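*Asks:* Just a sequence and a predicted model for now, questions to come.
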Amino acid sequence: MPEPPYNTLYYVCRRQAAIAGVVVNDTWQHMQPKGEGRPIDTTSVDAALDAVAAYNGKPGRSLGVRLRVWAGIDAPQWAKAIGGSPIRICDQNAVPATSAARTAPAPTACPAVAIRTVGRFWSNAYERAWRTFEKQLAQTYDADPRVNEVSLSSCSSLTSEPFVEPEDAFSKASLIVNGYSDAKYKACLMHAVQLDYVPFWHQTPVDFSFNPFREIQPSPPITDLPFTKAAIDACRAAAGSRCILLNETMGKFTPPPSPAPSQTPSLAADYYAMWRYMKRRGGSITFQTASPPNLLLAWQTNFAGWNSAVWLGSGFGASSLELFAPERSGTPCHDAPMRLWVNGYTCFSKKVMASWSGRLH
């Protein structure tokens with residue numbers, strides 16, 4: 001992620017009628033590089049919020065903002081060093097599809113291009129530092145009418161999604177030798193809303209991104225869906241109606257066949273089961289689409305992928321659907337369709353977009 005992230009209203013201006021809100025991104029590293037409790041740098045976020053306010057100053061416009069501050073691989077170096085040296089993990093999304101690291105029958109060492117570092121995100125000391133930062137963030141933005149939601153990034157590692165962690169052999173060995181355990185990670189996730197959000201954010205709704213929990217200590221990793229359901233319940237118990245249930249993989253899987261009673265449900269089945277549970281819990285639910293390459297891989301055509309993501313999201317109770325921007329750089333998207341493996345973004349031509357107009361569910 002660039003430092004700081006690039007926030008733009010370019011695509012909002014092109015699709016005003018279809019877009020109700022934007023995500024304003026920043027990183028813990030950019031906002032607090034010098035140490036725990038030091039003043040936070042809000043210049044990037046404030047500039048984005050000012051741009052949204054100016055946009056909303058025009059008649060008929062009411063763009064909302066979801067504020068998301070990334071930790072994990074985007075935590076400051078001082079936080080990564082709490083309790084020991086930063087831990088090296090592997091970002092598989094940065095590995096080209098043709099790499100031996102992806103195509104080898106057995107896991108291979110992580111290529112240099114994909115090595116990232118994280119802190120001990122499951123530890124009490126790291127969490128205390130993050131909690132101090134979260135308090136400062138809330139003191140700045142909880143009463144700010146320009147901020148409609150805040151994303152919870154507690155316990156995160158590879159992305160801003162708290163339930164996402166690396167499962168490859170390189171990362172697993174590196175994490176475990178530095179004190180990681182599935183039990184400690186679960187404890188961090190289970191109490192994140194209660195300890196990191198509720199004491200500081202008194203007005204702003206929080207979106208918590210859930211996935212079927214993956215235990216990485218067993219070989220191969222196994223899924224603990226009951227834990228995810230318990231964490232969903234804990235979020236609603238702690239924050240009530242201000243807890244927004246979020247998942248950021250909508251459309252990644254086609255509907256799975258029902259497994260035989262003696263079989264362990266597939267990962268796809270776990271996601272569909274989690275989505276059904278979210279819908280049963282009701283209240284505020286939102287999804288982010290899976291990355292464009294994953295939509296294409298699952299549904300075979302780009303139109304079918306996007307259409308399925310919209311249709312499924314609506315069917316599982318979403319009030320909103322977060323989309324990937326066409327390009328990480330924010331430049332206008334007008335070239336022929338292309339796929340970028342590292343960034344996971346897709347750019348469609350004007351002709352393709354026009355052909356889809358009014359056709360998505």
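*Replies:* That came in fine, so what should we check first?
*Asks:* Okay, strands next: where are they in the stretch 151-300 of the chain?
*Replies:* 206-209, 213-215, 222-224, 243-250, 285-289 (DSSP state E, counting those that start in this stretch).
*Asks:* In a markdown table, list the ones you listed along with mean neighbour count and mean pLDDT.
*Replies:* From N, CA and C alone the C-beta is placed, and that goes for glycine too. Below are the strands of the stretch 151-300 of the chain laid out as a markdown table (neighbours: other Cβ atoms under 10 Å; pLDDT from 0 to 100):
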| stretch | mean neighbour count | mean pLDDT |
| --- | --- | --- |
| strand 206-209 | 25 | 98 |
| strand 213-215 | 20 | 97 |
| strand 222-224 | 17 | 95 |
| strand 243-250 | 24 | 97 |
| strand 285-289 | 23 | 97 |
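*Asks:* Can you lay out those strands as CSV showing distance to residue 270?
*Replies:* Below are the strands of the stretch 151-300 of the chain laid out as CSV (distance: least, Cβ to Cβ, whole Å):
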stretch, distance to residue 270
strand 206-209, 15
strand 213-215, 9
strand 222-224, 5
strand 243-250, 11
strand 285-289, 16
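*Asks:* Out of those strands, flag the one nearest residue 41.
*Replies:* For residue 41, the closest of the strands of the stretch 151-300 of the chain is strand 206-209, at 22.3 Å, according to Cβ to Cβ.
*Asks:* What strands flank that closest one, and is each parallel or antiparallel?
*Replies:* strand 149-151 (parallel), strand 243-250 (parallel) (DSSP bridges).
*Asks:* Tell me the spacing between residue 113 and residue 91.
*Replies:* Using Cβ to Cβ, to the nearest Å, residue 113 is found at 9 Å from residue 91.
*Asks:* which residues touch residue 202?
*Replies:* Contacts for residue 202 were tallied using Cβ atoms under 8 Å, 6 or more residues apart in numbering; they are 138, 142.
*Asks:* Now do the phi/psi pair for it.
*Replies:* Dihedral pair for residue 202: phi -110, psi -10, per degrees, to the nearest 10.
*Asks:* For residue 131, see how far away it is.
*Replies:* Separation of residue 202 from residue 131 (Cβ to Cβ): 15 Å.
*Asks:* wait, what's in contact with the nearest residue to residue 161 once chain neighbours are set aside?
*Replies:* What sits nearest to residue 161 in space, not counting adjacent residues and going by Cβ to Cβ, 6 or more residues apart in numbering, is residue 209, at 4.3 Å. If a contact means Cβ under 8 Å, 6+ apart, then residue 209 has 151, 152, 160, 161, 162, 163, 246, 247, 248, 288 as its contacts.
*Asks:* What is the nearest of those to residue 33?
*Replies:* Using Cβ to Cβ, the contacts of residue 209 come closest to residue 33 at residue 160, 18.2 Å.
*Asks:* and that closest one, how many neighbours?
*Replies:* Applying other Cβ atoms under 10 Å, we find 23 residues neighbouring residue 160.
*Asks:* Hmm, residue 67 and it touching each other?
*Replies:* No. Between residue 160 and residue 67 there is no contact under Cβ atoms under 8 Å: 11.2 Å.
*Asks:* sorry, back to before: and residue 113 and residue 91? Which one has more around it.
*Replies:* residue 91 (20 against 12).
*Asks:* I'd assumed residue 116 was in contact with that one.
*Replies:* Yes. Between residue 91 and residue 116 there is a contact under Cβ under 8 Å: 4.9 Å.
*Asks:* Quickly list what's touching both of these two.
*Replies:* 73, 158.
*Asks:* what's around residue 353, how many residues?
*Replies:* Applying other Cβ under 10 Å, we find 14 residues neighbouring residue 353.
*Asks:* Ignore what I typed, I meant residue 351.
*Replies:* Using other Cβ under 10 Å, residue 351 has 9 other residues around it.
*Asks:* Against which helices or strands is the helix or strand it falls within packed?
*Replies:* If you go by DSSP states H and E, residue 351 is part of helix 350-356. Counting contacts by 3 or more Cβ pairs under 8 Å, 6 or more residues apart in numbering; DSSP states H and E, helix 350-356 packs against helix 302-315.
*Asks:* quick one, helices of the stretch 251-361 of the chain?
*Replies:* Per DSSP state H, counting those that start in this stretch, the stretch 251-361 of the chain carries helices over the ranges 267-281, 292-299, 302-315, 350-356.
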